[in-house]
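>>> Turn this into a structure:
(4 chains)
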2 protein chains.
Amino acid sequence: MTEANELTPRQGLLLKLIVREHVESPLPVASRTLVEKYNLDFSPATVRNEMAALETLGYLSQPHTSAGRVPTEAGFRYFVARLMEEQALPMAEQRRIAHQFHQARDHIGAWLPLASSVLAQTSGAASVVTAPRTMQSVYQHLELILTHGRAVLLILVLQGGMVEQQMLALAEPMTQTSLRETADRLNQIFAGLKVADIESRLGELPSLEADIARLIVSIMHNAEGMPSDEIYQHGLSELLQEPEFVEGEVASTAVVRVLEERSLLQAVLSETLTPAVGVGSVRVLIGGEGRWDELRTCSIVLARYGVMDYATGALGVVGPIRMPYGRAISVVRFVANILGEMVYEMYQPGIREVFPESGE
Amino acid sequence: MTEANELTPRQGLLLKLIVREHVESPLPVASRTLVEKYNLDFSPATVRNEMAALETLGYLSQPHTSAGRVPTEAGFRYFVARLMEEQALPMAEQRRIAHQFHQARDHIGAWLPLASSVLAQTSGAASVVTAPRTMQSVYQHLELILTHGRAVLLILVLQGGMVEQQMLALAEPMTQTSLRETADRLNQIFAGLKVADIESRLGELPSLEADIARLIVSIMHNAEGMPSDEIYQHGLSELLQEPEFVEGEVASTAVVRVLEERSLLQAVLSETLTPAVGVGSVRVLIGGEGRWDELRTCSIVLARYGVMDYATGALGVVGPIRMPYGRAISVVRFVANILGEMVYEMYQPGIREVFPESGE
DNA sequence: ATTTAGCACTCAATTCTTGTGAGTGCTAAC
DNA sequence: GTTAGCACTCACAAGAATTGAGTGCTAAAT
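This is a model prediction of the structure:
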């Protein structure tokens, strides 16, 4: 997959301009247009020659014989990897976004929707944000609430504020009072412990407590493992306005399906670590990279945010292949950083515990 | 809005058949087709006469002079209100769905996504489910977690298991230990109280506790007021497959926007109480009912679920105007009932408190 | 050895025409 | 009131003609 053949500077320039032009409007770009629009000091004929070269290299393609050229996926990949200059967000926009997040500082539930809507609006594409998940869940507090008969609502608060709920059925009926005492006992023993610690103490507990504790252990394990299924998204309707989606029934429903089918989305998001083309900590998946067939018509720019090895989520934008990568990458990075900081501050006690050396 | 003019039985029959036919395939339906397919004992000419009558009444329309007829919105409304017979779900399907919910019984977080996916799959349209909200929030438990500097993560558990999170900034730095003591004090005082009760006790509290309590009050008020912004949906991609959406760029993006724009959705969902055409407790909104312009191309079948006057959410399906209402209504009702029961059982202690007479 | 002007050639997209047939409205008979 | 018969309408499909944007190639210019 590594591109052995380096392009000549002029070929690079042309590929870059073709991409830029194509991103602006989805039509194939013609040699003459290029020369005129960018005042190139060589002629359309020369451009055509170079285009032919770029085509044999696999970076361009022609929809039909007498049309202009369109970048191929490989072309976009080369562009992102070597030609693109990241297009920093204008200061005013940075301030505006930062301000919005600052306003939502106290309202935790608003963080992710806000991130999602900022991403969508600023990038003009659809956005996806997943809630952060810890690698290391720490017991904080347990509530047991009797609902009816022997059914009990279990609410488990983990460090960092994650909350897990579950119903459970008691073997024997109990009163709310004794249930509360049970919870209090468990809270005393378990507060601040990690899963492993709780597991090792299971033996010491009387049977009822042990049952509940086992359930807690499984919940905590679960919280550590899976990527969050809490996914926020925004901007799908704008994305569907893009010219490549208004016609193509196939293409557009594919995208909708991708954004709707969480399983696929999660698979893709957890791929953040694979060696796709990327810039800094931001990853760029172009046209599904051959691996995700449903994504052949679109690209994803994504990043992890949060505190590495402790609690992270993923966030990114989904757009047509011809998306303005430079801008998208900056936006994604910018939002990932802001959100990362907010999460960092929120999770700090937990982090101190996992990485004791990093305390204040 | 009340239909003064009653149709003759034969006109009713024809309207019904035309709707049925049109729902099956989106093409305009012709007089001859009707007679042949349903073995009517009168001729196409008669049907045409009746059709003409129905057209002047506003229940049918012709896309163009030499085409068949298509029901108008008014036609669909008349159909739903007077002609439709609810099409009960087959027993097997009922059992399958009930079983799925039974399996997810303990996994509270799965309830709403499951409801949403069941609705979508069974109705073939897109579905929407909002989380239940209490009318009456009752304090259960407070956790205060120091994060960094003076920033504190507040986790408030309300009765019924609703959890609200918020960041707050302390005026003075505190240790985690004294923060926990503060929380414990508030828990002792407030456990089981309603907002009003807490408000009336604000005066008795020392300043720090009072500040936090005021915040709690505002959170609880908030929880009572707004409809939940926690919205689950499913089946959008299937909906977009419907023939009326594959072509119409306008129509389809309108639908997507509706499903994406929570504010509109909430407005519509809270309209569940308005006197739209409805069957039992299930409401049917056809073509936006003139009020929601974005919905002109589609219909919504929805119901409240949960415990009336105590905690309810809304749930429904969004489909093309020509959706199989009979089926959709049964599915919505069925799922609303199941989910309602589950919520009822979960919230029971709270309900006992609000309606003491209904205790076991 | 590049670069470029010139020109023939290609082919999607647009417009126009024509034909077809499904389906109606009307009238006159039943 | 119902229906057979028939003229009429009009969307839709298929084909034909036109257009023009854009290339590839060749031969001259640098």
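>>> Can you name the residues that contact A:Val129?
Taking CB atoms under 8 Å, 6 or more residues apart in numbering or on different chains, we find A:Val129 in contact with A:112, A:115-116, A:119, A:231-233, A:313-315. Any C-beta I mention is one placed from the backbone N, CA and C, and that applies to glycine too.
>>> closest to B:Ala92 among these?
Lowest distance from B:Ala92 to the contacts of A:Val129 (CB to CB) belongs to A:Ile231, with 32.5 Å.
>>> Setting aside sequence neighbours, what's the nearest residue to the most centrally placed residue in chain A?
For chain A, the residue nearest the mean C-alpha position is A:Leu315 (2.5 Å; CA atoms, centre = their mean). Here the nearest residue to A:Leu315 in space, its sequence neighbours aside, is A:Val129; by CB to CB, 6 or more residues apart in numbering or on different chains that works out to 4.4 Å.
>>> what's the answer for A:Trp292, then?
Excluding its sequence neighbours, the residue lying closest to A:Trp292 (CB to CB, 6+ apart) is A:Val268, at 6.2 Å.
>>> burial count for the one you found?
By other CB atoms under 10 Å in any protein chain shown, 23 other residues sit near A:Val268.
>>> hang on, the earlier thing: helix or strand right after the helix or strand hosting the residue nearest to the centre of chain A?
A:Leu315 belongs to strand A:311-320 when assigned by DSSP states H and E. Sequence order places helix A:325-354 as the next helix or strand after strand A:311-320, per DSSP H and E.
>>> show me where pLDDT drops low in the stretch 1-150 of chain A?
For the stretch 1-150 of chain A, the stretches with pLDDT under 70 are A:1-5.
>>> Wait, A:Gly12 touches A:Leu83, no?
Yes: counting by CB atoms under 8 Å, A:Gly12 does reach A:Leu83; the two are 5.7 Å apart.
>>> Contacts only, for A:Thr134.
A:158-160, A:162, A:223-224, A:310-311, A:347, A:350.
>>> just the buried members of the residues you listed?
Buried members of these, counted by 16 or more other CB atoms under 10 Å in any protein chain shown: A:158-160, A:162, A:223, A:310-311, A:347, A:350.
>>> Need these in TSV (columns: distance to chain B and pLDDT).
Listed next are the buried ones among the contacts of A:Thr134 as TSV, based on distance: CB to the nearest CB, whole Å; pLDDT from 0 to 100:
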residue	distance to chain B	pLDDT
A:Leu158	10	91
A:Gln159	8	85
A:Gly160	8	83
A:Met162	10	88
A:Ala223	11	88
A:Tyr310	14	83
A:Ala311	13	85
A:Tyr347	7	81
A:Gly350	9	74
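>>> re the thing from before, what sits up against the host helix or strand of the residue nearest to A:Trp292?
A:Val268 is part of helix A:262-270, with elements assigned from DSSP H and E. Helix A:262-270 is touched from outside by A:128, A:130, A:227, A:229, A:231, A:257-259, A:285, A:292, A:294-295, A:300, A:302, A:314, A:316, with contacts defined as CB under 8 Å, 6+ apart.
>>> ok, of those residues, which one's closest to chain B?
Relative to chain B, the closest of the contacts of helix A:262-270 is A:Arg257; by CB to the nearest CB it sits at 4.3 Å.
>>> Could you export the contacts of A:Thr134 as JSON lines, including distance to A:Ser31?
As requested, these are exported to JSON lines (distance: CB to CB, whole Å):
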{"residue": "A:Leu158", "distance to A:Ser31": "60"}
{"residue": "A:Gln159", "distance to A:Ser31": "61"}
{"residue": "A:Gly160", "distance to A:Ser31": "57"}
{"residue": "A:Met162", "distance to A:Ser31": "57"}
{"residue": "A:Ala223", "distance to A:Ser31": "57"}
{"residue": "A:Glu224", "distance to A:Ser31": "56"}
{"residue": "A:Tyr310", "distance to A:Ser31": "53"}
{"residue": "A:Ala311", "distance to A:Ser31": "52"}
{"residue": "A:Tyr347", "distance to A:Ser31": "55"}
{"residue": "A:Gly350", "distance to A:Ser31": "58"}
